[in-house]
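1. Below are the sequence and a predicted model; questions follow.
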Amino acid sequence: MSGGLSNDGPGRIMTSQDELATRVLAGITSQVGQVLDSVARVAGVTMAAIQAAQRAGRPPRRADLAALRPLVAEVLRRHQGFAAGAGAVLAPDLLADAPRCIEWWWAGQSSADHDPVVAKLEVDLDPESAEFYDYTTTQWYREPQRTGGHAVAGPYVDYICTHEYTFTVSVPVICAGTFAGVAAADILAEQVERIAAPGLSLMDRPAVLASGDGRVIASNTGAILPGVLLARRDADTRLRPVTGRAAAPRGHPDPALPWTLHSHPA
Amino acid sequence: MPPPELTTVRARALFAPLDEGGRAETVARRLDTAIRLGLLLDGERLPAESHLAVQFGVSTVTLREALATLRRMGLVETRRGRRGGSFVRTPQEPPPARLARPLRLLSLHELRDMGDHRAAVAGAAARLAAERALPGDVAALREHAGRLSGAATLTARRRADARVHIEIAAAAQSPRLTRAEMDLWAEVGDLVWLPVPGDAVAAIASEHAALIDAIAQADPERARQIAEQHVAAETGRLIEFRLGLPETDQPGAGHVGRPEQ
């Protein structure tokens, strides 16, 4: 994380609480923004592969997406310890040889001196099957489809894929003005908390990072824990948003992450 | 890069390394569960023994012992040769008489204890879901709950039922409770639905609906109460059913051999 506290010399009150809050939000926004940048690259390569096939006058096939694996491996290496998995998910019936398609990989177990092993995700995509995984109903798929912009879904318990408390960030793949799917990455909620916690702990009053839905992501107080809905605790805690919405991640034209920082007014 | 060795992610969860004291029996039980839940598919080739041993965190000798048990149970078939290996054999949905046999091996004490555990998990998950679920979570719950009425077989009903309870635990924002529900459902399997006649499905579906209503109304105590009663009723049915089973094998009841040692 960049953007630690500045050293303004001894004996001075260096940072107001609001400023601290703003920095916490900026720090986590920058981290998530970098993952969104990588996801946008995955979307770009997916789009290029689809369009190359279409220019050749044939419908795209699964094999056309071969460039995704090395790219996703690189992305997972770049965000090692932060992004747990990444890939692209295609709109139904886009490919000639796969009615539904998930090209998704995990960062496997890694040790200090080894790159993460990348493992392919296999899920049941047969609508007739009892174990059918319908990705088109997920927030991280629907939202970019609807808005044309990126989405930050979660935190939610992802019992299909990571088995953990997870965020999924996604951007649409758009080919010639038509929605063709999304590129996305999973970020474990504990990793987001790990990054936000040190800054929150510097604040001298209760403060929490909350999602756009008002769900607590990270907190510096045992009175309001991650996972709870802030609105249902408001009567007890009287926390107020002390920052606006996070600034847009650098290089991203979309508006900000939908996250806010809540605390007592100074 | 080695090819991925397992077919589904959910199977991968079952292959998590075993805790201290993990033995052939535990490995066999995990694989048995994965096969019976359909996480490992019929005809699927298991990863190499050495690889599986590493994944379970056991020695190759222990793993072979586990595979031998599964072979005796008819759940795994080993073929020699270049295209050889160990392959999964999924049992067909067994007739109720055969399905009831493992139930007879469970004491009332075990059934009661399993019911207590399930009620504790389902009750806590329901209470927390009522505190923490967003409208989107509730909508997903209703969608899953709606599938129970259309489910025609025992297995399909169990799957739909399990999915509702797993989704409630997910709405509670707890990965641990979610895993606990998944483990418990893997353990009880189709047994829960064995004593339920087809015309009683609607009543159970309406219990789900009442439970989801309480979650939607953000009423934690009521949600917990309904969930606990729901599981207690299920356990009661199972125990009554168990009591109605003969204690010894009846001639001609389709018995095919002693249970495996």
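-> All right, it came through fine.
2. Going by residue numbers, what spans are helices in the stretch 101-250 of chain A?
-> Remark: helices of the stretch 101-250 of chain A, listed N- to C-terminal, are A:139-147, A:189-201, A:234-237; assignment by DSSP state H, counting those that start in this stretch.
3. Sketch out the strands for the chain, chain order is fine.
-> Assuming you mean chain A. In chain A, strands defined by DSSP state E lie at A:83-90, A:101-107, A:118-120, A:151-158, A:164-175, A:178-188, A:207-210, A:216-219, A:240-241, A:260-263, listed in chain order.
4. my bad, chain B
-> Along chain B, the stretches classed as strands by DSSP E are B:76-79, B:85-88.
5. Given the first one, what are its sheet partners and their directions?
-> According to DSSP bridges, strand B:76-79 forms sheet pairs with strand B:85-88 (antiparallel).
6. Give the buried residues for the partner strand.
-> Residues of strand B:85-88 classed as buried: B:Ser86, B:Val88 (neighbour count, 16 or more other C-beta atoms under 10 Å in any protein chain shown). C-beta coordinates here come from the backbone N, C-alpha and C atoms, glycine included.
7. I figured B:Asp32 hits B:Arg71, correct?
-> No: using C-beta atoms under 8 Å, B:Asp32 and B:Arg71 do not qualify as a contacting pair, with a distance of 11.8 Å.
8. Pick out whichever of these two has more residues nearby.
-> Between B:Asp32 and B:Arg71, B:Asp32 has the larger neighbour count (other C-beta atoms under 10 Å in any protein chain shown), namely 18 against 14.
9. Tell me which of the helices of the stretch 101-250 of chain A sits nearest to B:Ala133.
-> helix A:139-147 (14.2 Å; C-beta to C-beta).
10. thinking again about what came up before, any chance of the strands of chain B in TSV, with mean pLDDT too?
-> What follows is those, written out as TSV (pLDDT from 0 to 100):
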stretch	mean pLDDT
strand B:76-79	85
strand B:85-88	85
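11. any idea how far the most centrally placed residue in chain B lies from chain A?
-> Per C-alpha atoms, centre = their mean, the C-alpha nearest to the average position across chain B is that of B:Ala186, at 1.7 Å. Computed as C-beta to the nearest C-beta, to the nearest Å, the B:Ala186 to chain A distance reads 13 Å.
12. The nearest residue to A:Ala91 once chain neighbours are set aside - how many residues pack around it?
-> Nearest residue to A:Ala91 in three dimensions, chain neighbours excluded: A:Gly181, at 4.7 Å (C-beta to C-beta, 6 or more residues apart in numbering or on different chains). As a burial measure, A:Gly181 scores 30 neighbours (other C-beta under 10 Å).
13. pretty sure A:Gly181 contacts A:Thr46?
-> Yes: between A:Gly181 and A:Thr46 there is a contact at 7.0 Å, judged by C-beta under 8 Å.
14. okay, now the residue nearest to B:Ala124 when sequence neighbours are not counted: neighbour count?
-> With C-beta to C-beta, 6+ apart as the measure, B:Leu177 is the residue that lies nearest to B:Ala124, at 6.4 Å, once sequence neighbours are left out. Residue crowding around B:Leu177 was assessed by other C-beta under 10 Å; the count is 22.
15. who touches B:Leu177 in this structure?
-> The contact partners of B:Leu177, taken as C-beta atoms under 8 Å, 6 or more residues apart in numbering or on different chains, are B:Val121, B:Ala124, B:Ala125, B:Leu128, B:Ala169.
16. How about the residues of chain A by chain B?
-> Taking C-beta under 8 Å from any C-beta of the partner chain as the criterion, chain A approaches chain B at residues A:117-124, A:130-131, A:137, A:139, A:155-157, A:159-161, A:163-165, A:213, A:215, A:227-229, A:232.
17. Quick one: buried ones out of those residues?
-> A:117-124, A:130-131, A:139, A:155-157, A:159-161, A:163-165, A:213, A:215, A:227-229.
18. Now stretch A:166-186 - C-alpha only, CSV.
-> The C-alpha trace of stretch A:166-186 is given here as CSV (Å, rounded to 0.1, in the frame of the first residue of the first chain):
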residue,chain,number,x,y,z
THR,A,166,-15.2,-12.5,-1.5
PHE,A,167,-15.5,-9.5,-3.7
THR,A,168,-15.7,-9.9,-7.5
VAL,A,169,-14.6,-6.9,-9.6
SER,A,170,-15.7,-7.0,-13.3
VAL,A,171,-15.7,-5.0,-16.5
PRO,A,172,-17.8,-5.6,-19.6
VAL,A,173,-16.4,-7.1,-22.8
ILE,A,174,-18.1,-5.1,-25.6
CYS,A,175,-17.7,-6.1,-29.2
ALA,A,176,-19.0,-3.7,-31.8
GLY,A,177,-21.4,-2.2,-29.3
THR,A,178,-22.7,-5.6,-28.2
PHE,A,179,-22.3,-7.0,-24.7
ALA,A,180,-20.2,-10.2,-25.1
GLY,A,181,-19.5,-11.0,-21.4
VAL,A,182,-17.3,-9.8,-18.6
ALA,A,183,-13.7,-10.1,-17.5
ALA,A,184,-13.4,-10.3,-13.7
ALA,A,185,-11.3,-11.1,-10.7
ASP,A,186,-12.0,-12.4,-7.2
